[in-house]
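Colleague: here you go, sequence then predicted model.
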Amino acid sequence: MTTLRRGAAALVVSAVLGLSAAPAFAAPSPSPAAELPAGLYGKGDPTYDGVWRQSLALLAQDTVGVEPADEAVGFLTGQQCASGGFPSYRADATKDCDAKLPLDTNASAAAVQALAALGGQDAVVKKTVGWLKSVQNEDGGWGYNPGGASDANSTSVVIGALAAAGEKPADARSKGGKSPYDALLTFAKPCGVKDGGAFVYQVKSPGMVADSTAAVVLASHGKGFAATGDGAKKDEKGTACEKATTLEGAAHNGAAFLANGLAKKGHFDTPPMPGADDSAPKPDFGNTADAVVALSAQGLPGQVAQPLEWLQQNASRWAKENGPAAYAQLIFAARATGADPKQFGGTDLVAALGATGPAPKAAASPGPADSADAREEKSSDSSSTTWWIVGVFFVAAVGVGFLFSGRRKNQN
């Protein structure tokens with residue numbers, strides 16, 4: 001789950017390459033920052049990630065005991081459509097959802113995880129869970145939009161939502177009798193091949209293996225974004241890839257893939273953009289943070305020390321540039337390992353997240369994020385969004401494979 005909204009780049013590029021990520025649709029027009037609702041976190045264009053970043057922001061606040069503002073929760077619940085599903089974002093929540101507005105399984109599942117944690121939103125949660133079950137694919141998984149081919153990330157985030165709502169993901173069966181866990185196993189790569197042990201984005205589209213692997217490892221334990229290593233059974237197998245026929249075995253292999261990938265530098269790198277210098281890869285902060293959470297849930301605490309330290313030393317600027325979802329990912333990584341998110345490499349992540357939206361009811365302790373740097377972060381969201389969108393469509397135009405999906409679309 002990088003700052004890029006999960007699956008968005010995949011959808012854009014899939015349309016060019018003819019991949020089966022989801023049905024084609026006309027995306028809503030971006031909304032100027034001046035028109036953004038007061039309760040929304042982040043100042044960047046929310047067209048592709050409004051519900052997503054809001055959900056992660058509220059969930060992260062809840063995990064550290066901060067009670068979000070009523071208007072922030074109201075914005076999120078107001079995004080729900082009559083069917084129970086959520087779009088990526090709709091500008092006018094006072095009107096019924098446009099029939100042509102695509103509903104988003106990832107946004108819907110993220111909203112469930114946040115609202116279930118906050119409590120007091122049982123009716124909204126129940127309706128969305130019902131909608132998610134109604135759009136389950138025959139193979140037991142979910143695509144980014146209803147009708148799209150199942151992918152590892154979408155299926156994983158829905159599993160997290162079902163668990164958060166008190167459901168048993170294994171009991172969610174398609175008409176063909178398949179469960180979400182059946183679908184997850186189909187994304188596993190065997191040992192001995194390139195990226196052996198990893199989980200691919202889609203069966204026919206390898207995509208972003210670090211991102212999809214972290215998502216599946218987490219989901220294999222029936223956990224969502226805010227999982228921790230508390231109570232996790234230690235994985236005694238180490239980091240060797242072994243032949244696997246069950247999801248449990250495949251999850252071990254996925255975790256081994258993540259651990260071995262992180263051991264090289266302490267972080268993942270993003271693949272170079274077209275025309276970029278291959279000798280100078282860019283660090284992938286979001287997928288590194290997601291991997292820390294996944295490895296903690298897998299019971300590999302010894303494998304997270306190095307990437308956690310790297311994040312503490314290097315991720316603050318990334319989060320400031322990318323906004324609410326990025327801060328949330330770092331908070332999740334800190335909590336998963338027992339680190340203090342209020343003292344994360346010299347940054348108070350909780351205060352910094354709170355500075356990107358309406359003041360919460362229970363304010364976090366003052367920290368470095370209450371400085372001019374935090375206020376500067378608010379104004380930086382919009383410009384970073386513009387350049388991200390330009391980059392995505394450039395990649396799509398030249399027909400290059402997937403961009404990184406991270407909990408997935410445009411930057412905040």
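Modeller: On my side now, so go ahead. Residues are numbered from 1 along each chain as shown.
Colleague: rest of the way, CA atoms for contacts and neighbours
Modeller: Will do.
Colleague: tell me where the protein has strands.
Modeller: Here the chain has its strands, by DSSP state E, at 268-270, 282-284.
Colleague: helices and strands around the first one, which ones?
Modeller: It stands for strand 268-270. strand 282-284, helix 285-298 (3 or more C-alpha pairs under 8 Å, 6 or more residues apart in numbering; DSSP states H and E).
Colleague: of the strands of the chain, which stretch is the most buried?
Modeller: strand 268-270 (a mean of 19; mean count of other C-alpha atoms under 10 Å).
Colleague: contacts for that strand?
Modeller: Strand 268-270 has contacts (C-alpha atoms under 8 Å, 6 or more residues apart in numbering) with 210, 261-262, 281-285, 287-288, 404.
Colleague: again, but for stretch 50-58
Modeller: 5, 40-42, 68, 72-73, 76, 79, 86-89, 106-108, 110-111, 113-115, 324-325, 327-329, 353, 407, 412.
Colleague: okay, and which of those map to helices?
Modeller: 72-73, 76, 106-108, 110-111, 113-115, 324-325, 327-329, 353 (DSSP state H).
Colleague: quick one: low-confidence parts of the stretch 251-400 of the chain?
Modeller: Scanning the stretch 251-400 of the chain for pLDDT under 70 picks out 272-279, 362-400.
Colleague: one more pass at 80, please.
Modeller: Scanning the stretch 251-400 of the chain for pLDDT under 80 picks out 271-280, 362-400.
Colleague: show me the contacts for Lys237.
Modeller: Residues in contact with Lys237 (C-alpha under 8 Å, 6+ apart) are His252.
Colleague: again, but for the one 5 residues further on
Modeller: Each residue near Glu242 by C-alpha under 8 Å, 6+ apart is listed here: 191, 249, 253.
Colleague: shouldn't the last one be in contact with Gly197?
Modeller: Yes. In this structure Asn253 lies within contact range of Gly197 using C-alpha atoms under 8 Å: 4.6 Å.
Colleague: need the overlap of contacts for those two.
Modeller: Common contacts of Asn253 and Gly197 (C-alpha under 8 Å, 6+ apart): Cys241.
Colleague: what residues does stretch 88-107 touch?
Modeller: 6, 25, 27-28, 31, 36, 46-52, 55, 78-79, 81-82, 85-87, 132, 142-146, 154, 157-158.
Colleague: now it, how far from the centre of its chain.
Modeller: Between the centre of stretch 88-107 and the centre of its chain there are 19 Å (C-alpha atoms, centre = their mean, to the nearest Å).
Colleague: how far does that stretch stretch from start to finish?
Modeller: By C-alpha to C-alpha, to the nearest Å, the extent of stretch 88-107 from end to end equals 6 Å.
Colleague: do the same with stretch 139-155
Modeller: OK, stretch 139-155 end separation, C-alpha to C-alpha: 11 Å.
Colleague: please name the residues that touch Val209.
Modeller: Contacts of Val209 by C-alpha under 8 Å, 6+ apart are 195, 198-201.
Colleague: my bad, Pro169
Modeller: By C-alpha under 8 Å, 6+ apart, Pro169 lies in contact with 159, 162-163, 179-181, 222.
Colleague: ditto for Val125
Modeller: Contacts of Val125 by C-alpha under 8 Å, 6+ apart are 112, 115-116, 165.
Colleague: same thing but 7 Å
Modeller: By C-alpha atoms under 7 Å, 6 or more residues apart in numbering, the contact list for Val125 reads 112, 115-116.
Colleague: please tell me how far it sits from Leu58.
Modeller: The value you get for Val125 to Leu58, if C-alpha to C-alpha is used, is 15 Å.
Colleague: for Phe257, grab the count of nearby residues.
Modeller: 24 (other C-alpha atoms under 10 Å).
Colleague: measure it to Trp142 for me?
Modeller: Using C-alpha to C-alpha, we find Phe257 at a distance of 24 Å from Trp142.
Colleague: kindly report the same for Lys100.
Modeller: Lys100 is 20 Å from Trp142, by C-alpha to C-alpha.
Colleague: the two: which is more packed in?
Modeller: Trp142 (30 against 10).
Colleague: which stretches of the stretch 51-200 of the chain form helices?
Modeller: 70-78, 105-118, 122-134, 152-164, 180-186 (DSSP state H, counting those that start in this stretch).
Colleague: centre of the chain to the third one, how far?
Modeller: The chain centre lies 20 Å from the centre of helix 122-134; the measure is C-alpha atoms, centre = their mean.
Colleague: same check, this time on stretch 44-53
Modeller: Worked out by C-alpha atoms, centre = their mean, stretch 44-53 lies 12 Å from the chain centre.
Colleague: end-to-end on it?
Modeller: Its start and end residues considered, stretch 44-53 measures 11 Å (C-alpha to C-alpha).
Colleague: show the average pLDDT along that stretch.
Modeller: What stretch 44-53 shows for mean pLDDT is 96.
Colleague: please spell out which residues along that stretch are buried.
Modeller: In terms of neighbour count (16 or more other C-alpha atoms under 10 Å), stretch 44-53 has its buried residues at 44-53.
Colleague: narrow those residues to those in helices?
Modeller: Using DSSP H, the buried residues of stretch 44-53 in helices are 50-53.
Colleague: nearest to Gln306, of the helices of the stretch 51-200 of the chain?
Modeller: Nearest to Gln306 among the helices of the stretch 51-200 of the chain is helix 152-164 (25.0 Å), distances taken as C-alpha to C-alpha.
Colleague: show me what the closest one is in contact with.
Modeller: 105-106, 109-110, 112-113, 116, 129, 141-144, 168-169, 180, 184, 187, 200-202, 212, 215-216, 219, 222-224.
Colleague: pull the distance from it to the chain's centre.
Modeller: On the basis of C-alpha atoms, centre = their mean, helix 152-164 sits 10 Å off its chain's mean C-alpha point.
Colleague: and that helix with helix 105-118, angle?
Modeller: Orientation check (axes from the mean of the first three to the mean of the last three C-alpha atoms, to 10 degrees): helix 152-164 against helix 105-118 gives 20 degrees.
Colleague: can you check what angle separates helix 152-164 from helix 122-134?
Modeller: 140 degrees.
Colleague: which residue ranges form the helices in the stretch 251-400 of the chain?
Modeller: 285-298, 305-322, 324-337, 349-354, 372-397.
Colleague: quick check: closest non-adjacent residue to Pro68.
Modeller: Nearest residue to Pro68, sequence neighbours excluded (C-alpha to C-alpha, 6 or more residues apart in numbering): Pro360, at 4.3 Å.
Colleague: ok, now which ones touch the one you found?
Modeller: Residues counted as contacts of Pro360 (C-alpha under 7 Å, 6+ apart) are 66-69, 354.
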